[in-house]
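Chemist: give me a model of this one.
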Amino acid sequence: MISSGNSMFDVIDELKKRGTKKIYLATTYALFTKGIDKFREYYEQEKFDGLYTTNLSYIPFEYQQEKWLHVCDCAPLVSDIIYNIHNDLSISSILRDRSYPVKLLEKKFSSCSHTDKN
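Modeler: Predicted structure coming up:
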């Protein structure tokens, strides 16, 4: 979970000190309680390459327009869970299935150029 983002900025700074070239952030809930200005600043300074989150928390529309922010739609997964619960079916197979997040990442990165080996 990202609240203000301060912990993420500390990690980014430490990774950059150690020579990391590409940094992608991932979180389930991006709350941005202090806004996105510092994220925008870090991105413009090329300190990180992207932030991936879900739509399981409210993210203002104007934030979603940022080039660095990628929001993964979890509606199909949530609807499957609700359907199974409503129909008194197990949700354990849904929760154990790791293919959904993998598919989301593959979809996001499939349009990226893979020529940069850094």
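Chemist: for the spatially most central residue of the chain, which three-state class applies?
Modeler: Geometric centre of the chain, nearest residue: residue 52, 1.8 Å, by C-alpha atoms, centre = their mean. State at residue 52, reduced to three classes by DSSP: H, G, I helix; E, B strand; the rest coil: strand.
Chemist: please report how far residue 28 lies from residue 86.
Modeler: Computed with C-beta to C-beta, to the nearest Å, the distance linking residue 28 and residue 86 is 23 Å. For every residue, glycine as well, the C-beta is placed using N, CA and C.
Chemist: tell me which of these two has more neighbours.
Modeler: Neighbour comparison, residue 28 and residue 86: the larger count goes to residue 28, with 13 against 8 (by other C-beta atoms under 10 Å).
Chemist: by mean pLDDT, which helix or strand of the chain comes out lowest?
Modeler: Every helix and strand in the chain was compared by mean pLDDT, DSSP states H and E; the lowest is helix 99-110, with a mean of 71.
Chemist: all the helices of this protein, in order from the start?
Modeler: For the chain, the helices defined by DSSP state H occupy 6-17, 37-44, 61-64, 75-86, 92-96, 99-110.
Chemist: out of those, flag the one nearest residue 24.
Modeler: With C-beta to C-beta as the measure, helix 99-110 is the member of the helices of the chain nearest residue 24 (9.5 Å).
Chemist: next, count neighbours for residue 59.
Modeler: For residue 59, using other C-beta under 10 Å, the count is 19.
Chemist: go ahead and confirm it touches residue 32.
Modeler: Yes: in this structure residue 59 lies within contact range of residue 32 using C-beta atoms under 8 Å: 7.3 Å.
Chemist: how close does residue 83 sit to residue 91?
Modeler: Applying C-beta to C-beta to residue 83 and residue 91 gives a distance of 9 Å.
Chemist: can you check residue 26 too?
Modeler: Distance from residue 26 to residue 91, by C-beta to C-beta: 23 Å.
Chemist: and for residue 105?
Modeler: 22 Å.
Chemist: same deal with residue 66?
Modeler: 33 Å.
Chemist: cool, and residue 78?
Modeler: Relative to residue 91, and taking C-beta to C-beta, residue 78 is found at 11 Å.
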